[in-house]
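A.B. asks: Pasting a predicted model and its sequence here:
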Amino acid sequence: MQNLVRTRMAPSPTGDMHVGSMAILLKNYAYAKKHAGKFILRIEDTDKTREVKGGVKAIQDIINDYGLDWDEGPGKGGKFGPYIQSQRLGLYQKYTQQLLNETKAYHCFCSKERLEELRDKMRAEKKAPKYDRHCLGLSEAEKEEKIKNKEKFVVRLRVPDNKNISFIDLIRGEIAFNSSEIDDQVLLKSDGYPTYHLAVVVDDHLMQISYVMRGEEWISSTPKHVLLYQAFSWQQPKFAHIPIFLNPDGKGKMSKRKGTVSARSFLDRGYLPEALLNFFMILGWTPKDQREILSLEEYVEEFDPRDLNKNSVAFDLKKLDWINGVYIRKLKIENLKLKINKFLPSDFPKDKLGKILVLVRERLVRLDEIEELTNFFYRDIDLDSNLLLKKADQMLVVEQLNKSLKKLENLEAWNLENLEKTIRKLQEENNWHRGQYFMMLRLASLGRKVSPPLFESIEVLGSEITLNRLRQAKDLINDK
RNA sequence: GGCCCCAUCGUCUAGUGGUUAGGACACUGGGUUCUCAUCCCAGCAACCGGAGUUCGAUCCUCCGUGGGGUCACCA
């Protein structure tokens, strides 16, 4: 049991989960699965001021909507619970007390104003802002007095001076810091809640997390955590800091300013969860054979954080679009029907859904394009006489429409075979230019230059609508 | 600014002390075709710079440059 792989994702319920977080979650999930370990979901709700209501539920939902799940955590239980940090306050206070007793931590009564002033001053001197340990000099009596007077305080870690602090990152190797660069971290806030730094270390230890895989932006915080592991004499987990997503243009950390970034928003735009996961997989990592389309199962089998690339990666939407298209094309119609349901406009003719999907499946890049791709099947179209007459004169087009109408009106059955045979025959017998004639018919019956194949489309459209539109086209040209 | 991380086509990457530096997306051209899309074929395109180590560096070392991250009683 000692070597069990236990990974975790520890989001805060402060708003929609970022796509980058989902990508990291995937890696934690996959690695635990690969080693028949456990993937833990822990909620880090230690900042009461930023918490949003329904945040925990939103986190659980989005994970499930991406087709993933967790083994221990809210809604699942587990023997290391509770998995919500606000329910573990006593634990953090207990461990803080331990550090206090061992003089590895100390009370700090400094006001926010003083700290801010201090920071401003140090910044002005071009130095890294650091707490000046003002309260470390307090005598025991002074401290007791302040506590008795109910003065607010925080507890800070007493960081050793000039000590080499290093850790092994699975992706990058050894990373070293000097402890003098590290601030005396606040461990316990004045409201009794722990800071992130205390809470992660305590919980990762207590929950026996063996691999901490988190975003690269945590590298500079890791020495603080290492210090804490040392202060408690706890064994460190293995660390892997995952490269972050850059904006699609490759400039800067992917941010709201340059577009939508929540994991939910991609689902809302009609990207399939499997396609998104696949995209996350191959950003910064490739399987040995370099294939780019792979299933979750295959990924679970092959992924290892040690093979991750070191550099941050641009979130290339073009590639995502390509992957999404690949996945849509692989979908069986019955399956596509289910998945596209929530993107259908209210006036979409559900009885024709299957037939229409057959026609547009290979043209869909995102599910939310369905309306744009199919509206001519169920909405009035705009006929443009200029377009109709673009490659032929008025007389010819009227003749084409007349002859077509006559034949189509007398079709025995409105099916693909009859339609194709009849129209092709008309074109051949009259020696009409095929491109012009077919395009004119497409324009007249579907109202657009770009569409699924003509015969299939008008078959689905039905005789009534098709013939009406052809008549309208004729009238329009005659009126010109 | 301090500290830390990173550096192969536009993007995501493979790769090696000696290779025509490979693939995918995107882009361009062609084929199939009633348009578009799919599919197939072809093309364009990269080792950040400078020293050093070496018979030989894209690969190893150092410096520079560039990009990124981080410096809260937020995570």
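C.D. replies: Thanks, I have it.
A.B. asks: Just the CA atoms of the helix or strand of chain A with the lowest mean pLDDT, as PDB, please.
C.D. replies: Sorted by mean pLDDT, DSSP states H and E, the helices and strands of chain A end with helix A:385-388, the least confident at a mean of 79. Below are the C-alpha coordinates for helix A:385-388, written out as PDB (Å, rounded to 0.1, in the frame of the first residue of the first chain):
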ATOM      1  CA  SER A 385     -31.700  36.600 -58.900                       C
ATOM      2  CA  ASN A 386     -28.300  38.000 -59.700                       C
ATOM      3  CA  LEU A 387     -26.700  34.800 -58.400                       C
ATOM      4  CA  LEU A 388     -29.200  32.700 -60.300                       C
END
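A.B. asks: Flag every buried residue along it.
C.D. replies: A:S385, A:L387, A:L388 (16 or more other CB atoms under 10 Å). Where C-beta positions appear, they are placed from N, C-alpha and C, glycine not excepted.
A.B. asks: residues contacting the last one?
C.D. replies: By CB atoms under 8 Å, 6 or more residues apart in numbering, the contact set of A:L388 is A:V397, A:M440, A:L443, A:A444, A:A473, A:L476, A:I477.
A.B. asks: Can I take it that the first one is in a helix?
C.D. replies: Yes - using DSSP: H, G, I helix; E, B strand; the rest coil, the assignment for A:V397 is a helix.
A.B. asks: Pull the contacting residues for it.
C.D. replies: A:L388, A:L389, A:M440, A:I477 are the contacts of A:V397 under CB under 8 Å, 6+ apart.
A.B. asks: Could you turn the buried ones of those residues into a PyMOL selection?
C.D. replies: Burial among these is assessed by 16+ other CB under 10 Å; the matching PyMOL selection reads:
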select buried, chain A and resi 388+389+440+477
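A.B. asks: Make a markdown table from the contacts of A:V397 and add distance to A:F376 to it.
C.D. replies: What follows is the contacts of A:V397, written out as a markdown table (distance: CB to CB, whole Å):
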| residue | distance to A:F376 |
| --- | --- |
| A:L388 | 15 |
| A:L389 | 20 |
| A:M440 | 16 |
| A:I477 | 19 |
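A.B. asks: Between all of the contacts of A:V397, which two are separated the most?
C.D. replies: A:M440 and A:I477 (10.0 Å; CB to CB).
A.B. asks: The stretch 151-300 of chain A against RNA strand B: which residues are in contact?
C.D. replies: Taking CB under 7 Å from any atom of the strand as the measure of proximity, the stretch 151-300 of chain A contacts RNA strand B at A:152, A:154, A:172-173, A:175-178, A:181, A:183, A:186, A:189-191, A:193, A:195-196, A:216-221, A:243-244, A:246, A:250-253, A:282-286, A:290, A:292.
A.B. asks: Show me the residues you listed that map onto helices.
C.D. replies: A:Y196, A:I282 (DSSP state H).
A.B. asks: And the residues of the stretch 151-300 of chain A next to RNA strand B, which of them are buried?
C.D. replies: A:154, A:175, A:177, A:186, A:189, A:193, A:195-196, A:216, A:218-219, A:243-244, A:246, A:282-285.
A.B. asks: surely A:V212 meets A:F239?
C.D. replies: Yes - the pair A:V212 and A:F239 qualifies as a contact (CB atoms under 8 Å) at a distance of 5.1 Å.
A.B. asks: now the least confident helix or strand of chain A, how far from the centre of its chain.
C.D. replies: The gap between where helix A:385-388 is centred and where its chain is centred comes out at 44 Å by CA atoms, centre = their mean, to the nearest Å.
A.B. asks: ditto for stretch A:90-100
C.D. replies: Stretch A:90-100 has its average C-alpha position 36 Å from the chain's average C-alpha position, going by CA atoms, centre = their mean.
A.B. asks: do that stretch and RNA strand B meet at all?
C.D. replies: No - counting by CB under 7 Å from any atom of the strand, no contacts exist between stretch A:90-100 and RNA strand B, the nearest distance being 10.7 Å.
A.B. asks: Go through that stretch and flag the buried ones.
C.D. replies: Those buried within stretch A:90-100 under the rule 16+ other CB under 10 Å are A:L91, A:Y92, A:Q93, A:Y95, A:T96, A:L99, A:L100.
A.B. asks: which sections of chain A are below the confidence cut-off?
C.D. replies: Within chain A, the segments meeting pLDDT under 70 span A:1-2, A:480.
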